[in-house]
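**Student:** just to be clear, the model below is a prediction. Sequence and coordinates:
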Amino acid sequence: MTRTIAFDKRSRQQTHFTTCYMCACRCGIKVTIESNKVRFIQGNLNHPVNKGVLCAKGSAGIMKQYSAAKLKKPLMRRPGSERGAADFVEIEWDDALDIVAARLAKIRSTNPTQLAFFTGRDQMQALSGLWAQQFGTPNWAAHGGFCSVNMAVAGLYTIGYSFWEFGAPDWDHAKYFLLWGVAEDHSSNPIKIGLEKLKRRGAKFVSINPVRTGYSAIADEWLPIRPGTDGLLALAIVHVLLKRGLIDWEFLIRYTNAPWLVVQTPGIAGDGLFARDGQDNPLVWDQQAQKVVNGLQPEIAPALFATVRLDDGRFARSVFALATERYLDDRYSPEHVAAECGVAAETITRIAHEMAHVAFNQAVELPIRWTDMHGRTHDKVVGRPVAMYAMRGISAHSNGFHTCRALHLIQMLLGALDGPGNFRARAPYPRRIPMRSLPENDPAVIFAPDTPLKRMPNGNPTRPEDLVIDKNGKPMRIDKAYSWEAPLSPHGLMHMVITNAANGDPYPIDTLLLFMANMAWNSTMNTAEVREMLVRKDEHGEYAIPFLVVVDAFHSETVNFADLVLPDTTYLERYDAISLLDRPISEPDAAGDAIRHPVLELDRDVRPWQDVLVELASRLKFPAFTAADGSPKFSDYKDFIVNYEKFPGIGFLAGWRGVDGKSSLRGAPNPKQWEKYIENQSFFSYRWPDNMRYYKFANKDYLEFAEKNALFGTPPAAVIMQMYSEPLQKFRLAGQGLYDGPQPSSATDRERLAKYFDPLPFWYEPLESARISRTEFPLHAITQRPMMMYHSWDSQNAWLRQIISENFLYMNRGTAARLGLADFDWVWVESHHGRLRCQLKTMEGCEANTVWTWNAVGRQAGTAGLNNDASEATAGFLLNHLISELLPHSRGEDRRLTNSDPVTGQAAWFDLRVKVSKCAPGETGIWPRFAAAERLPGDDGRRPATWRYHTVPAS
Amino acid sequence: MRLGLVIDLDTCVGCHACATACKEWNASSPVGGPLSDYEPFGPKPSGVWFNRVRHYEVGEYPENKTINFPMSCMHCVDADCVTVCPTGASYKRDDGIVLVDQDKCMGCNLCAWACPYGARELDAATGTMKKCTLCVDRINDELLPPEERQPACVLACPTHARFFGDFDDPESEVSRLTAERGGFGLLPELAYAPVNQYLPPRELKAVIGPDEVKALLERGLASLASPLIRR
Amino acid sequence: MKPSLSIIFFTVSSGAGLGLLALLALADLFDHALPSAALLQGIALALVLVLAGLASSVLHLAKPANAWRAFARFRSSWLSREAVFSACLVPLALAYGALAWTDEAGPVSIVAALCAMVLSWAVLFSTAMIYASLKPIRQWYGWWTPINYLLLGHWSGAVMLLGLARVHATHERSFGWLAGALGVAALIAKIGHSRAIVAGAPDALTLERAIGVNEGVRPPGMTVARARLFDVGHSHGTFLTDEFGFILARRHALALRIAALTAGFVVPEAWIVSGAAGAPLAWLAGIACVGGLLAERWLFFAEAQHTVRLYHGAPRT
């Protein structure tokens, strides 16, 4: 029988296209509105990123929008109350802005470095970085320093693009795919879409991960790797490939610096740098001419193995000769690394053979004509269809930079880069190596009042002169980025800001402005002490960090510490530009950008942060925001996005430029640009013609076109991949006292430079484990991001928290049995730094020496709009309590060092080593616990016992 | 007509997209919703969901596998939940979809007892049983563009691990997938003839055999005699 | 299964009432074995027990306003049949009671008695079949359930009937033998049921079968594999865990079983055998019997394992 079915009343509904913001994937969504409420959020079938699909977070957007954690009005700490007590009074926006503007004006006109402006999970770094540059403070970075800078810098200094957002695997042609250290990460929905394609086409999917959940669950082969040893596995693969000659000679010679000659003068300045001619060209040994020649010329036949005597008498060896010598050493043989990394020697060898077989015997040929940078035309594109992707499991280690370079080395050896079936670049990459933007480091500029920086606060150092240090070698940034302690740190070290500011090291600051970052909770190491540092007072009874401004849309643990809270909108209530100047939504085959626009009216007194930034920029009369007559150039953020030009014709949004809206990528500002985007489902996609799609790093048509449209620097030039990284060697020389320029005065810094700034990738034991007793702390402790929650953004989501609102420590079942532990035992988990108590669960799919938990599930009671007895507070815990932002002291070191990668400053979250023991009877309950936060003004703490969300009006 | 779903266990990564897409669609669906949430901000949040994803491990470390397992109403051919229902609230349509008529249900729970798969949940606020409707209000809504006339879970699934169609049509995608991949229904012993079919994980054949390894190594060895290659 | 007190009370109370009514009618048909006062009291008691049970069962409903619809699916649903038969039985029993009160004999009262007996059996059987027809619950599915249900209902009814007989000092020996024999039969059937459940355990459904390990849901290259739950997909409870997640500790099961045995069988049988007269002891025996059967029925629910438990990680049902 069939009874009648009722349908949605479409006539009552409106649909809008915008962009999701539940994570940094930026999927296109279609939002259905009914009765001014959200009826349904689904993926946009036409959107290049997600093509209609939508993950659990995006599909739960309704509960984000109606979360009880939404901030409602600017808040000020009640005068006389203690910071951290969350004793707030509501204030008006005008007053809040007056307070901030006045304070910032004072800072700017006295000592701009007193402002530290750090942004968390935002997607507007181009704007906030510009703002900081205009303010004149170097103390700006986004959160990459504690997130993924290792991947970014390793990639950008090696292949010209990188894992994570600047590249993507070619899911359509790859026949072999390795996923290194990825749980749920960007870009998540494209990875999901892509994995299904691989499986459907019978491509092999190998996952290298200590835990078998999520993506690893569907891998054809799972390699349970010991955390921090991926570099060993990678270099053992390199060993096998080199030993067996399983390499792409042509690729190495044409597209990498493998043939370049490296000066060999140990103990003398210049050692380890490239041999260059008078025009600074790197030299190679030409096998045909039988002499040393400029290595950048076409039609020469460079030798990969060469030891030569240069004209000036110095000896030089080719990069490849140095590399082979290192990686063929027994130290990197599969037999040698197997025990350390946990992958059997036969497996390593087999995987290497499989990769080589696919790369060389199953090459993909596409009948596409393309022209290389020497003007030679090729009638086909050949792809060696081995693809890779890697993220946090590589990045969050103090050896992550070199490990990531080791992965790129494998790609270079196989010739598996930016061809069909490879990991391919996404606009605005590839770029030259390294990019030529340097961080501002002139103290005269940095400390100059009321003056913008000449350069951006962030950049890509290539030598010691580029560091942001004073003439005594002391860091000039509050996070000590671009200092001897973390020289190549283009993403800053946000995880050190509060510690350094509280300690006045290198100097005290006045105002800390945090946007969308939960630094008082899950985004910080050493949570309890960082919270204490936020409220630490000096000997005069003043706060060590005098003024703290927190900007966020939702109530977080960090909001409670603010002196001033500036509430932001949700993603359905704002304009945003997801820009090619920033972190766009490009694919390998198309440049792309996107917008958000409001689909709901604001129902509370909050403002989009970008509008506030533009307003403050106008009030403070930043030159880029101020017209010649002193009036504001831009009325608001929308106006800024349309009319701001970084270079002539280059603005934040690349689509529908020109007064007629008909230009792409470059063109005059189009006053109707927002409207065009909204008409076109909120995204813009510029498909590369076939001849520009592949081998972009050597593709003449692509590089010239990119240069014209500011997607590549001037002049366009082939990007030669840097197997050997000369910038690293320069820093190493400085550490060895062999550099004709700045050198560190601290012996500790010198040692670190000498050891870690190896121009070729190598593996070393993660710093923490080298400094603690591995018998006392035998287990590795890591976290994974669950697929349905994004950092601490989703405990407030009434649907998602039904899926997960408490967490356990997972351990391999066999290991647990050995330790006398069973499911649901209460255990102490201890590191060199601290301890916590939680419940254990056992599982099969966990590397035997690893324990792990889900990231950021635990919350402080009373935050995120939850009841005080929410299980996130009573049964959720953070591993962060066990992680110190400083390494244990090692003998001879003149100070405690940051718990970060010594090259990039990347926070080494996953270096954590612990021991796990059963609690005594009666020792139960999560520990440590934090007192419940106070309710914000206007929140009576009452929450519905039952919630029946719907938009259908009562009939 | 036998409408139902195919769920591919080879590609399900356990992301819960299907579960939340279903939840949000049915929250405001005139057929299914609203779906109650209890203590949404409290210590034991729970609620009515039509689709749930559970996760299992099979085998022992290190030869273990993780299986992510979404389950919702199977729209069985011999649906005992319909048989046992005293009020006739539980009924099976001609197109195969099993539904609960919210006006008739008296909330006796018997259908939930009869369902081996846990497809039905009581909504305490209405006192009625609720379950997957196979998005009957999407698949038949002619005001939706054709490509969107699919269950919300199928549209959302990021790994395309869910398919919707008519199992009585041998040319349909669901029929073909079931035949090609060895799709199976759960607990066939109980003779409910569940219509939803699960596809087992694919077994990949070896990438390279011993002869091929030998050839590969020979070639590689030969290549080591530094060839003359031009830039 | 979550032992629902309202359902447990319903089945035991109405079971006793229906058993009593059937036996009263049977005795009546046989021989007008009871004086009309006793018959009337018996019918009244039976009706009270049945109505109390039915009221309790309505309490179990989440939307009792729709309870009237329960008659709709007589053709397929045992619960519907139970409702229909109960709806026929109650007025009939009232009529039968009225006849008893007027002390009418003759064909009308014979028909009434016959109908009362048959309808009582029909309701008893239908109620039992509600449980016995549920394939996902191995412990309930099959003929043991209606056998036990009928015997237990008649046993408790027989104890009450004997009580009436002894109070009215009529046919005590016959009803004593009837009750005693029914008690023994019910106990044997209960033991039989328990043993059948244990015997069926090796063939019980397992988690491996539930997720399709046999159909290929396993690591590559393996033919068999053990399965375990990694994560159930929600941090707290759901309707399913509430309704089907109940776990009974073995020591509690043992204690309850002993209580059920003692109160439900030993005490009443002892009273039967003792031949003791008097209302107080009769009430005691009846209450003990019902109390013991409540414990037994509670165990019936608590020890039932629904297949959905497999999906929540139970290794077998």
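**Tutor:** Thanks, I have the structure now. Numbering: from 1, shown residues only, chains lettered A, B, ... in the order given.
**Student:** what helices and strands are in contact with the helix or strand bottoming out on mean pLDDT in chain B?
**Tutor:** Lowest by mean pLDDT, DSSP states H and E among the helices and strands of chain B is helix B:210-223, with a mean of 90. For helix B:210-223, the packing partners by 3 or more CB pairs under 8 Å, 6 or more residues apart in numbering or on different chains; DSSP states H and E come out as helix A:345-356. From N, CA and C alone the C-beta is placed, and that goes for glycine too.
**Student:** give me the below-cutoff pLDDT ranges for chain B.
**Tutor:** Within chain B, the segments meeting pLDDT under 70 span B:226-227.
**Student:** quick one, strands of it?
**Tutor:** Along chain B, counting by DSSP state E, strands occupy B:3-8, B:37-38, B:46-47, B:52-58, B:65-71, B:90-92, B:98-100, B:121-123, B:128-130, B:162-166, B:197-199.
**Student:** is chain A within reach of the last one?
**Tutor:** No: against chain A, strand B:197-199 shows no contacts by CB under 8 Å from any CB of the partner chain, the least distance being 10.8 Å.
**Student:** could you look up the SS state of the closest residue to A:Tyr429 other than its chain neighbours?
**Tutor:** What sits nearest to A:Tyr429 in space, not counting adjacent residues and going by CB to CB, 6 or more residues apart in numbering or on different chains, is A:Tyr161, at 3.6 Å. Assigned by DSSP: H, G, I helix; E, B strand; the rest coil, the conformation of A:Tyr161 is coil.
**Student:** A:Tyr161 and chain B: what is the separation?
**Tutor:** 22 Å (CB to the nearest CB, to the nearest Å).
**Student:** can you pull the contacts of that residue?
**Tutor:** A:Tyr161 makes contact with A:Gly155, A:Gly167, A:Asp418, A:Ala425, A:Arg426, A:Tyr429, A:Pro430, A:Arg431, according to CB atoms under 8 Å, 6 or more residues apart in numbering or on different chains.
**Student:** tabulate those (JSON lines), appending pLDDT and secondary structure.
**Tutor:** Listed next are the contacts of A:Tyr161 as JSON lines, based on pLDDT from 0 to 100; DSSP: H, G, I helix; E, B strand; the rest coil:
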{"residue": "A:Gly155", "pLDDT": "98", "secondary structure": "helix"}
{"residue": "A:Gly167", "pLDDT": "96", "secondary structure": "strand"}
{"residue": "A:Asp418", "pLDDT": "98", "secondary structure": "coil"}
{"residue": "A:Ala425", "pLDDT": "98", "secondary structure": "strand"}
{"residue": "A:Arg426", "pLDDT": "97", "secondary structure": "coil"}
{"residue": "A:Tyr429", "pLDDT": "97", "secondary structure": "coil"}
{"residue": "A:Pro430", "pLDDT": "97", "secondary structure": "coil"}
{"residue": "A:Arg431", "pLDDT": "96", "secondary structure": "coil"}
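**Student:** buried stuff in stretch C:299-317?
**Tutor:** Buried residues in stretch C:299-317, counted by 16 or more other CB atoms under 10 Å in any protein chain shown: C:299-312, C:314, C:316-317.
**Student:** got it, and stretch C:240-258?
**Tutor:** Neighbour-count burial for stretch C:240-258 flags C:Leu240, C:Thr241, C:Glu243, C:Phe244, C:Gly245, C:Phe246, C:Leu248, C:Leu256, C:Arg257 (criterion: 16+ other CB under 10 Å).
**Student:** in space, what's closest to the fifth one - neighbours in sequence excluded?
**Tutor:** Counting by CB to CB, 6+ apart, C:Gly245 lies nearest to C:His312, which is 6.6 Å off, once chain neighbours are set aside.
**Student:** Provide a list of residues in contact with the one you found.
**Tutor:** Neighbouring residues of C:His312 by CB under 8 Å, 6+ apart: B:Arg54, C:Leu229, C:Val232, C:Leu240, C:Thr241, C:Phe244, C:Gly245.
**Student:** wasn't the fourth one part of a helix?
**Tutor:** Yes: secondary structure assignment (three-state DSSP) places C:Leu240 inside a helix.
**Student:** hmm, C:Leu310 and it touching each other?
**Tutor:** No: applying CB atoms under 8 Å, one finds C:Leu240 not in contact with C:Leu310, separated by 11.7 Å.
**Student:** list the contacts of the closest residue to chain B within the stretch 151-300 of chain C.
**Tutor:** The nearest approach of the stretch 151-300 of chain C to chain B comes at C:Gly216, 3.0 Å away (CB to the nearest CB). The contact partners of C:Gly216, by CB under 8 Å, 6+ apart, come to B:Gly182, B:Pro200, B:Pro201, B:Glu203.
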